[in-house]
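Engineer: need a structure here:
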Amino acid sequence: MTPETVGPLSRLVDVMKIPPRGQEIHVQATPEECAALAKDFGLPGIRALSGDFMLKTSAKGINVKGTVKASITQVCVTTLENFDSDVEEEVEVDFAESSGMPAEPPTDINEYEPPDEIVNGQIDLGALTAEFLALGLDPYPRKPGVGFDYRDPTDEMDSPFAALNKLKGQQ
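Structural biologist: Below is the predicted model:
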C-alpha cells in the first residue's frame, strides 16, 4: 500500500502496535493534501480536514470509531456561486486480516457489512478520513437560503389541460 494507490492522504497505522486498551489517533491533513483532495473531489477548496479515531483490538481484528470533520468550499447547484460549509461524519469501521474474513455473508445480506482488509499489517486512517469526507459531501449542494422553485411558464401554456381550462373559462 503506497500513497499513490490510496490517494493523496495516507496515515498508515501498524495494527501490531495498537495497545490492548486501545489507541486514540488524530489525523490532520496538510494544506497540500487538502488541495489534492479538493482537486480529486471536484471542490473549489478544502480549508481543513481532520479525523479523530479510537482504535480497539478484538478477536476479529480492529474496530475504528471516530469522527471526520472538514471545512470546505462547494459550488451551489442553483446559483453556481462558491460557498463555505462544514462536514461532519461519524465513522465506525471494522478491519480484519483477509484470512479472518468470513467466507460467505450471513443469511440476511442487508445486515452484513464485511470488514475492510488489513493490508501488510497496516490500516490507513488517512484514506479512511478521505473516504468519509467523500461520503459526507452533498451531491447537490445549495448555498444556505437558496431554494429551487423553478417553473417554466411555457409548460402551463402547452399543457393539454391549458386548452381545456381556456374552454371552461369561455362558458
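Engineer: how about low-confidence regions in this structure?
Structural biologist: 1-6, 100-112, 148-163, 169-171 (pLDDT under 70).
Engineer: all strands of it, in order?
Structural biologist: Ranges of strands within the chain are 12-14, 23-28, 45-57, 62-75, 82-96, 116-117, 122-124, based on DSSP state E.
Engineer: dump the ones you listed to JSON lines, plus mean neighbour count.
Structural biologist: C-beta coordinates here come from the backbone N, C-alpha and C atoms, glycine included. Shown next, in JSON lines, are the strands of the chain (neighbours: other C-beta atoms under 10 Å):
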{"stretch": "strand 12-14", "mean neighbour count": "17"}
{"stretch": "strand 23-28", "mean neighbour count": "14"}
{"stretch": "strand 45-57", "mean neighbour count": "18"}
{"stretch": "strand 62-75", "mean neighbour count": "19"}
{"stretch": "strand 82-96", "mean neighbour count": "15"}
{"stretch": "strand 116-117", "mean neighbour count": "16"}
{"stretch": "strand 122-124", "mean neighbour count": "21"}
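Engineer: I'd like those strands as a markdown table, with distance to residue 168 appended.
Structural biologist: Formatted as a markdown table, the strands of the chain follow (distance: least, C-beta to C-beta, whole Å):
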| stretch | distance to residue 168 |
| --- | --- |
| strand 12-14 | 72 |
| strand 23-28 | 66 |
| strand 45-57 | 55 |
| strand 62-75 | 45 |
| strand 82-96 | 46 |
| strand 116-117 | 63 |
| strand 122-124 | 67 |
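Engineer: residue 141 is nearest to which of those?
Structural biologist: Evaluated over the strands of the chain, closeness to residue 141 peaks at strand 62-75, with 4.2 Å, by C-beta to C-beta.
Engineer: shouldn't residue 38 be in contact with residue 49?
Structural biologist: No. Counting by C-beta atoms under 8 Å, residue 38 does not reach residue 49; the two are 9.4 Å apart.
Engineer: touching, residue 37 and residue 45? I think so.
Structural biologist: No. Judged on C-beta under 8 Å, residue 37 makes no contact with residue 45 at a distance of 10.0 Å.
Engineer: return the distance of the residue nearest the centre of the chain relative to residue 28.
Structural biologist: Nearest residue to the geometric centre of the chain (C-alpha atoms, centre = their mean): residue 135, 1.6 Å. In this view, residue 135 and residue 28 are 19 Å apart by C-beta to C-beta, to the nearest Å.
Engineer: next: residue 86.
Structural biologist: As judged by C-beta to C-beta, residue 86 and residue 28 stand 16 Å apart.
Engineer: alright, calling it a day.
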